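Student: just a sequence and a predicted model for now, questions to come.
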Amino acid sequence: MRKPFTFTVTSVSFVLVHLGCLAALWLTFSWKLVALCAALYLVRMFAVTAGYHRYFSHRAYRMGRVAQFLMAFLAQTSAQKGVLWWAANHRHHHRHSDTPQDLHSPVIDGFWWSHLGWVLSDAHDTYDPATIEDFARFPELRFLDTYHWICPWLLGTLAFGFGLWSGLGGWETLVWGFAISTVLLWHGTFCINSLTHVWGTRRFETGDQSRNNLVLALITLGEGWHNNHHHYQASCRAGIRWWEVDPTYYGLKVLGWVGIVRDMRPFPRAAMASSRS
């Protein structure tokens, strides 16, 4: 571990949301609540993968300023800190992947640090602004990044209100729609850091240990094709073979059809030259 673990606002909130999931044991169960949980997981996972990752970190496509703001807002309901913080640290990861300078390499620092230790530690609360100057020039994104807690709090409030309005129960929808959904979202996202550099297959010889993994691709809407991604980071498509399921890419294609997304950068044919399969 890079730094001894200390309790911070982030880590305390992380623990409390996990504990909040246990409240489901005492609340009324409904399959509608499970459906709500799944829906909020999928929508927010898409915002994390399409927004935080493929757009803000890698600029794999373009969209207008309003759509950009809404994507950032929705991604921040995942409670994974601010959009600029997320993208800046991810760019740092790619520059130093699986070296001692990498913030969350399981190869260097082990599973637990790469999975959640680095996020919960106060060692990485800040980031180098020069890393994300292209998006930091937008004041609305700087506002979201600074007050990133607003987005998950608003989602929790809306989930509670929806439960009261729908008759499902405010506490029930808060627990299933926010707490359980968010915990699943956290660990699904964190698995990309902790597992896709140790578990899977390698199509390309990259300068790190990135790997492709179908199971993780299904959990994260396509991010499990991690070796493909590390070989060519600018592509909006991670699954490059017909059988490599990439729901995030499919969603972006739909958004492209309706004019929200444009200039999607493909995985170039030339980048396949060193492929093993």
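Tutor: Received, thanks.
Student: for the rest of this, base every contact and every neighbour count on C-alpha atoms.
Tutor: Will do.
Student: my guess is residue 241 is in a helix, correct?
Tutor: No - if the criterion is DSSP: H, G, I helix; E, B strand; the rest coil, then residue 241 is coil and not within a helix.
Student: so what's residue 24 up against?
Tutor: 172, 175-176 (C-alpha atoms under 8 Å, 6 or more residues apart in numbering).
Student: number of nearby residues for residue 34?
Tutor: When neighbours are defined as other C-alpha atoms under 10 Å, residue 34 has 15 of them.
Student: and it, what does it touch?
Tutor: residue 176.
Student: switch the cut-off to 10 Å
Tutor: Contact analysis of residue 34 by C-alpha atoms under 10 Å, 6 or more residues apart in numbering lists 173, 176-177, 180-181.
Student: likewise residue 268?
Tutor: 232, 234-235, 240.
Student: for the most centrally placed residue in the chain, give me the pLDDT.
Tutor: Geometric centre of the chain, nearest residue: residue 48, 3.7 Å, by C-alpha atoms, centre = their mean. Residue 48 carries a pLDDT score of 98 in this model.
Student: isn't it right up against residue 190?
Tutor: No - counting by C-alpha atoms under 10 Å, residue 48 stays clear of residue 190, with 11.4 Å between them.
Student: so what sits against both of those two?
Tutor: Jointly contacting residue 48 and residue 190 under the rule C-alpha under 10 Å, 6+ apart are residue 220.
Student: worst-scoring helix or strand of the chain, pLDDT-wise?
Tutor: Lowest mean confidence among the helices and strands of the chain (mean pLDDT, DSSP states H and E): helix 118-120, at a mean of 87.
Student: could I get the buried residue list for that one?
Tutor: Across helix 118-120, burial judged by 16 or more other C-alpha atoms under 10 Å covers 118-120.
Student: over to stretch 225-242?
Tutor: In stretch 225-242, counting by 16+ other C-alpha under 10 Å, buried: 225-240.
Student: in helices, which of those fall?
Tutor: 226-231 (DSSP state H).
Student: strands along the stretch 1-150 of the chain, start to end?
Tutor: Secondary structure of the stretch 1-150 of the chain (DSSP state E, counting those that start in this stretch): strands located at 62-63.
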